[in-house]
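>>> next one to model:
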Amino acid sequence: MRRALIALLAVACGASFATPIRAEGVNLSWNDCGTTGTEVLTFACNSNSGAPFSAVASFIAPPGIDEFLGLSSQIDVFTDQAALPEWWKHGTGQCRSTTGFAVSFDFTAGPFTCVDFFGGQAAGGFLYESGFGTPNRARVRITCAVPFDFRGPVDDVSEYYAYKANVLRAKTTGTGSCTGCAQSMCIVLNEIQLFQPPEKLNDPAMFNPVDRNYVSWQGAVPGCPAATPARNATWGSLKSLYR
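Numbering: from 1, shown residues only. Down below sits the predicted model:
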């Protein structure tokens, strides 16, 4: 009887100390992936130069990703004010033009907390749409891929880096600057969709946060996180990177 009780206690204790399995999903944090990064970032808005502020997107894949080629993703940027501030308007003809926002898929220089599948081989781009859906929102669509021969498996346990959404400091202060840097903003990672060769018939989209799928700029925004529905991409949108 005593031996049976000891065995039962050992099983119970072992279960209590077992490492929990993290489900598939996405993460977004400032400076690094997942819980290693931070939720809130503040900036004194006093400089036009210096290192960019990086919102790092990452993911844990579902099973069955044996020939990972690339991904597409959607991020929403919004404020609780009536309109998007000028400092957060990016693109041709906008206040910050093409000098205020960039996306990078290169993690060869760090950070190194999560797994870097790309190894500097990924290429891609983004589309930033100010006023998406409502005047106080923007949507960022991001796509990247590795060379076809660089495709390979990703497991369903590790957390992988996806990209850095880099907020640059240009036009923050002085002549020609854009207003609104100090305004609180919410940045939400809606989705990451993984792509394999089309014959695999398996390009899963992930929507749920593993730990946190949003970050804040200059403090909390009421209603953050929130997002509009994501739209799945297709193999055709990724195939264009191979032309």
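>>> hey, let's count contacts and neighbours off CA atoms from now on
OK.
>>> give the contact list for the residue nearest to the spatial centre of the chain.
With distances taken as CA atoms, centre = their mean, the chain has Ala57 as the residue nearest its mean C-alpha position (2.4 Å). Contacts for Ala57 (CA atoms under 8 Å, 6 or more residues apart in numbering) come out as 26-29, 33, 161-165, 189.
>>> low pLDDT regions in the chain?
Applying pLDDT under 70 to the chain picks out residues 1-21, 226-243.
>>> for it, which strand is longest?
strand 185-195 (DSSP state E).
>>> which secondary structure elements does the helix or strand following that strand sit against?
The C-terminal neighbour of strand 185-195 among helices and strands, as given by DSSP states H and E, is strand 205-206. Applying 3 or more CA pairs under 8 Å, 6 or more residues apart in numbering; DSSP states H and E, one finds that strand 205-206 contacts strand 185-195.
>>> got the buried residues for the strand it packs on?
185-195 (16 or more other CA atoms under 10 Å).
>>> note down every partner strand of it and its orientation.
Here strand 185-195 is paired, per DSSP bridges, with strand 70-78 (antiparallel), strand 205-206 (antiparallel), strand 214-217 (antiparallel).
>>> I'd like those laid out as JSON lines, including distance to Gly131.
Shown next, in JSON lines, are the strands paired with strand 185-195 (distance: least, CA to CA, whole Å):
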{"stretch": "strand 70-78", "distance to Gly131": "9"}
{"stretch": "strand 205-206", "distance to Gly131": "25"}
{"stretch": "strand 214-217", "distance to Gly131": "18"}
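>>> for the residue nearest to the centre of the chain, what are phi and psi?
With angles defined as degrees, to the nearest 10, Ala57 sits at phi -100, psi 140.
>>> try Trp88
When quoted as degrees, to the nearest 10, the phi and psi of Trp88 stand at phi -100, psi 20.
>>> quick check: it touching Ser177?
No. In this structure, Trp88 is not within contact of Ser177 by CA atoms under 8 Å, at 11.9 Å.
>>> higher neighbour count, those two?
Neighbours were counted for Trp88 and for Ser177 using other CA atoms under 10 Å; Trp88 has more, 27 against 16.
>>> if I look at that one, how far off is Phe112?
29 Å (CA to CA, to the nearest Å).
>>> do the same with Pro62
Distance, Pro62 to Phe112, using CA to CA: 22 Å.
>>> these two: who's more crowded?
Between Pro62 and Phe112, Pro62 has the larger neighbour count (other CA under 10 Å), namely 17 against 12.
>>> now do the contacts for that one.
Pro62 touches 23-24, 155-156, 204, counting by CA under 8 Å, 6+ apart.
>>> please apply the same query to Thr173.
Applying CA under 8 Å, 6+ apart to Thr173 gives the contacts 45-48.
>>> how about a cut-off of 6 Å?
Contacts for Thr173 (CA atoms under 6 Å, 6 or more residues apart in numbering) come out as none.
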